[in-house]
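Chemist: Have a look at this prediction, sequence included:
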Protein chains: 2
Amino acid sequence: MFNVVVKMDDDDLLLQAQDGQNLLKLLRDNDVPIPSACGGRQFCGKCKVEVLKGDKTLGYYTAGEMDSLSYLERQMGYHLACAIAVSEDMEIAIVNMEEEARIMTDSASSTFALEPDIYKYHLVLPKPTISDQRSDLKRIEDAVNIRDDVDRSILRRLPDILRSNDFNVTAAFVGYELIDVEGGDTTAHKYGMAIDIGTTTVVGFLMDMNTGLQLDVYSFLNPQRSRGADVISRIDYTINNEHGLEELSRMITDDINDMIEAFTNKNNISRNNIYEVAVVGNTVMMHLLFELPVKYIATSPFIPVIAKRYFVKAKDAGININPNGYVYQIPNVAGYVGSDTVAAILACDMAQQDSISLMLDIGTNGEIALGNKDMIYACSTAAGPAFEGAQIRNGIGGVKGAINKITLDGGVDFTTIGGEQPIGICGSGIVDAISEMLKAGIIDEYGRIRTRDELAGTPFADRIIEIDNKPAFLLTYVDNGESIAICQKDVRELQLAKGAIAAGVRILMKEAGITMDQIEHVYLAGGFGNYIDYNSACNIGLLPMELRDKITGIGNGAGAGAKMCLMSQQYMKKAETVRDKIHYIELSTRPDFQDIFIDLMGFSI
Amino acid sequence: MFNVVVKMDDDDLLLQAQDGQNLLKLLRDNDVPIPSACGGRQFCGKCKVEVLKGDKTLGYYTAGEMDSLSYLERQMGYHLACAIAVSEDMEIAIVNMEEEARIMTDSASSTFALEPDIYKYHLVLPKPTISDQRSDLKRIEDAVNIRDDVDRSILRRLPDILRSNDFNVTAAFVGYELIDVEGGDTTAHKYGMAIDIGTTTVVGFLMDMNTGLQLDVYSFLNPQRSRGADVISRIDYTINNEHGLEELSRMITDDINDMIEAFTNKNNISRNNIYEVAVVGNTVMMHLLFELPVKYIATSPFIPVIAKRYFVKAKDAGININPNGYVYQIPNVAGYVGSDTVAAILACDMAQQDSISLMLDIGTNGEIALGNKDMIYACSTAAGPAFEGAQIRNGIGGVKGAINKITLDGGVDFTTIGGEQPIGICGSGIVDAISEMLKAGIIDEYGRIRTRDELAGTPFADRIIEIDNKPAFLLTYVDNGESIAICQKDVRELQLAKGAIAAGVRILMKEAGITMDQIEHVYLAGGFGNYIDYNSACNIGLLPMELRDKITGIGNGAGAGAKMCLMSQQYMKKAETVRDKIHYIELSTRPDFQDIFIDLMGFSI
């Protein structure tokens, strides 16, 4: 073992190196912020270190260092960290600190090293002569390290690309795999995408991998909805229809390809310059994207085919980016806790903290995670799409004209998104409505809407109308004269949804042995988490009132986590660490879950 | 550095290990014959060592060792070499020496370690339960190490294969890549193929990868002949026909698939149990197989797309073995010295010897290699197919009824293959004929066939007939009354062919600075090399007479080398070492080649 002292602005850092250990790897393993665009191939020249003590490096340079370091730099004792195998005690200083990327979520932002696994090198190659008969591929290999076999589609085009561009080309890599050779210098064009595939909503992000900037965002409704509103009905569809799996897979890939076309047209880029797509979603959505069988996820013991990170060549996945690029899933946890949860946990950083956090990602399914850097307990509840406004009589998504805030203070007051004429009610509006109806006594503790007679003498008696032979509460009328109302069935849907989530939280606390006051942060992911009124959420019992002041909305946490994984190999590794930390709790087979669920379906007034 | 003493029967071996170096790797790198069927995954239990000195291993066992070693073996101090990271001075003994495979060539055999890169593991996996919700893939990964992403075609079938076989399956690997999961225990079925793709003839071998035995052999004429007899005319075909490249590629893959079908039917095996195909051939044949552009090989500076070893998934290559298996080329050297030459050099072992060898592989092209373990010079000559009996008036391949030996001793005596009625003349017969005609004075030193008048008074005057207005020498008549004769054009074809090869030998000697008496072995590869009369070959000047007694025929050296690479990873590595040792000499642009060629086209009488 040797001592390596790293001189830092604030303080020196003492690291222990094994004999022969690569210096760049040593620094990165110890989180020293040294940049490396080429991943340690002695090519990019970014990982410069000044060797202050270390005799063996004196005057010795590798071919890569000779190319990457100027005469003056060599005179100053500069080396590439990736070229040094530590074999003596050393003292070094980092010449440049690394660039950072910034991810904006709706309510939070985080910075991290911009370090995607995509590399582009501009190469001006020597032309072949009778005394230099190297193969076309060898000519590139001698300029830049290629580890894997090169796809034939590249080899087929290679001779003409080289010759029509006078051997002036750009080589594009994912990892050590050569995925394209492009004419001229195209290093400025390096794009990637992150996609969050929800059961109901799909959101995609176009990212510039050179700058870390988000160039565009695009969302659409998951076309598979027409084959089933939730994951179970989609699994059933694949079981009951001979080509159902292929059909569902094609539906989502087709729409993703439409998104890619929109991105490339609007931003005037080539789809061949998009090299990676990082995808998150629940485990069933991931299986459907990759056309993997889901039938054994449906029934106990709910086994997926694959849960870990998984890379598929874009052309095999049918995704129209660079055909040799990759579409990959962030690791999933279990049949019903997917990579979207792992990504949201990454985005809220709870797996790095000592303090205990509760994270809820409420979509068509409600995924819940509880824990800290040592251990995270997670479960999934079939909350149903009530919080997204679906299966609610007048429910709609968060579009213009959706009632999103309601107060019943002697009368009905509400606001709509964009201030438009009301056309329906969105998730946050529904939660507000139920909460206010509870406070006004319109709903009893069992969730029953009181009758006109019972409410006689209150300002709300006249607003009780009858829908499906049951009392309903009239909010307003739309232009065509139809009513917008909360009916009894809506209340029941919401009770089921909030009861399931609240019960999930209780089970996780019980399993983890964590009490309410130990929870320091509550993160609400998903669009819902940002727009919901936290008082209303606690009032209806979705979350315990004790946690009211600890709630933070983190917006599309799953999408933010996917972007992080796309742009930083360190985060992709962290995603696997997070996944390994997660202890999955299967709720469906627990008798205590049913008890707690029934208990929490009611309202405490 | 630590000292590792390996106790051997004859003598002890002292090796130097770096701190933490894997013991198995250390042993193999130093050519210690220790077996390892699983490639160091602590699975097969074959690399047992007895640790005689080495305190740190005392009583410590990895999970892999606990599975692979019996209680008694552990009591005896046995370990798996692949489980030990050397961290102290050690003394060990190898418990089992490795098994060997034997390759038969027509005239030689060699033994080597049977160590293919194909692995099969029979796995009886625990079934999923609600408390063991691992994914299907993880269940396999936890039983055996998988390094790469698994092809989707396997994942799609995996859930049903596991469940319909009660989780009793066999996992098949190439390297660390899982390439199939088969129901039950199929470890006994592990096959591979080696193919030598000649410009004129293709030979395939079916090998049992468990025993190293050759199960079958099959040969056919290269169907691309109909699109051109030699490599240049086939390259031209791809240039002059829009889909010419695809067509030539499909022709050869179709016929290889016919061969595979013949193999599987005759030997009653499944094509899915053939996992690898090692292919050799000249560089153009390799390009055509993989449908890679050849147009820039045709003209100076003769650049191939790829020369190194290259693996293509069988399903991508269109070869009907296990679709996730691999078809791969042994490394090529240059545009006109291919993997067949590398394989033949491997087969005759010249690259391991101190003594200097000359190797000639005479087919449609004549490849020549000269050197020893330090350096090998190689060139290719466009000999043309004369030695294969093509472009010769009555030339045929080595089939029944072919005249194969001729003596002119006062009259015409000949033998035919199989003793059948003569139907034509094969390569060795042509060489014999020319040689005897020279001795009898029927041909002069310039290669001119003498006229009836000039030969008046000899027993052969009557045999001079006229073909194409030039004298020809009548050998015999076939049943239908047509003549079998050596005509003037035949002599010219042979002069061109032997002149080109003899000149190639001289250029290599000149470049290498090697004199005739320094050459200790001459290896003749190809069917031709085994059947030719060495005296005749030297007499016509194909080889210098000084080398007459040093000639050995090695039969299909290219095929033998391909089988070695298929069955031994060490040989595949050696193939790359051989390739790197080869210094390619481009003859076409050398003025001295033309001079020597013209000089050697004549005959010395």
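Modeler: Okay, I see it. Numbering: from 1, shown residues only, chains lettered A, B, ... in the order given.
Chemist: From now on I want contacts and neighbour counts done on CA atoms only, so please keep to that.
Modeler: OK.
Chemist: Helices of the stretch 251-400 of chain A, start to end?
Modeler: For the stretch 251-400 of chain A, the helices defined by DSSP state H, counting those that start in this stretch cover A:283-289, A:295-298, A:314-317, A:339-348.
Chemist: Residue A:271 reaches residue A:324, doesn't it?
Modeler: No: applying Cα atoms under 8 Å as the test, residue A:271 and residue A:324 come out as separate, 11.5 Å apart.
Chemist: So these two - more neighbours on which side?
Modeler: Between residue A:271 and residue A:324, counted using other Cα atoms under 10 Å in any protein chain shown, the more crowded position is residue A:324 (24 against 18).
Chemist: Give me the phi and psi angles of the spatially closest residue to residue A:463 that is not a sequence neighbour.
Modeler: Nearest residue to residue A:463, sequence neighbours excluded (Cα to Cα, 6 or more residues apart in numbering or on different chains): residue A:474, at 5.1 Å. The phi/psi pair for residue A:474 (degrees, to the nearest 10) reads phi -80, psi 130.
Chemist: Hmm, residue A:485 and residue A:474 touching each other?
Modeler: Yes: counting by Cα under 8 Å, residue A:474 touches residue A:485, with 4.2 Å between them.
Chemist: Show me which of those two is the more surrounded one.
Modeler: Neighbour tally, residue A:474 and residue A:485, criterion other Cα under 10 Å: the higher count belongs to residue A:485, 25 against 18.
Chemist: mind checking how far that one is from chain B?
Modeler: As judged by Cα to the nearest Cα, to the nearest Å, residue A:485 and chain B stand 42 Å apart.
Chemist: pretty sure that residue is in a strand, no?
Modeler: Yes: counting by DSSP: H, G, I helix; E, B strand; the rest coil, residue A:485 is found in a strand.
Chemist: pLDDT averaged over the helix or strand where residue A:66 lies - what is it?
Modeler: According to DSSP states H and E, residue A:66 maps onto helix A:63-68. The pLDDT scores in helix A:63-68 average 80.
Chemist: who are the neighbours in contact with the residue nearest to residue A:463?
Modeler: A:463, A:464, A:465, A:483, A:484, A:485, A:486 (Cα atoms under 8 Å, 6 or more residues apart in numbering or on different chains).
Chemist: mind giving me the domain split of chain A?
Modeler: Domain segmentation of chain A under automatic domain parsing yields A:2-94, A:117-183, A:194-329, A:339-383+A:499-601, A:387-493.
Chemist: roughly how far apart are residue A:375 and residue A:340?
Modeler: Noted for residue A:375: a distance of 18 Å to residue A:340, by Cα to Cα, to the nearest Å.
Chemist: ok, now residue A:352?
Modeler: For residue A:352 relative to residue A:340 (Cα to Cα), the value is 18 Å.
Chemist: Over to residue A:297?
Modeler: 17 Å.
Chemist: where does chain A have low pLDDT?
Modeler: Within chain A, the stretches with pLDDT under 70 are A:98-110, A:527, A:605.
Chemist: got the residues of it near chain B?
Modeler: A:19, A:128-130, A:133-138, A:149, A:152, A:155-156, A:158-159, A:290-293, A:296, A:300-307, A:310-311, A:334, A:586 (Cα under 8 Å from any Cα of the partner chain).
Chemist: Residue A:429: neighbour count?
Modeler: 28.
Chemist: which residues touch the nearest residue to it once chain neighbours are set aside?
Modeler: Spatially, and ignoring its direct neighbours in sequence, residue A:429 is nearest to residue A:404 (4.0 Å; Cα to Cα, 6+ apart). By Cα under 8 Å, 6+ apart, the residues touching residue A:404 are A:398, A:414, A:415, A:416, A:417, A:425, A:426, A:427, A:428, A:429, A:430, A:432.
Chemist: contacting residues for the residue nearest to residue A:370 when sequence neighbours are not counted?
Modeler: Leaving aside its chain neighbours, residue A:370 sits nearest to residue A:358 (4.5 Å; criterion: Cα to Cα, 6+ apart). The contact partners of residue A:358, taken as Cα under 8 Å, 6+ apart, are A:368, A:369, A:370, A:371, A:519, A:521, A:522, A:523.
Chemist: Check the gap between the closest residue to the fifth one other than its chain neighbours and residue A:510 for me.
Modeler: Nearest non-adjacent residue to residue A:519, counting by Cα to Cα, 6+ apart: residue A:356, 5.1 Å away. In this structure, residue A:356 and residue A:510 are separated by 14 Å, where distance is defined by Cα to Cα.
Chemist: Alright, I will stop here.
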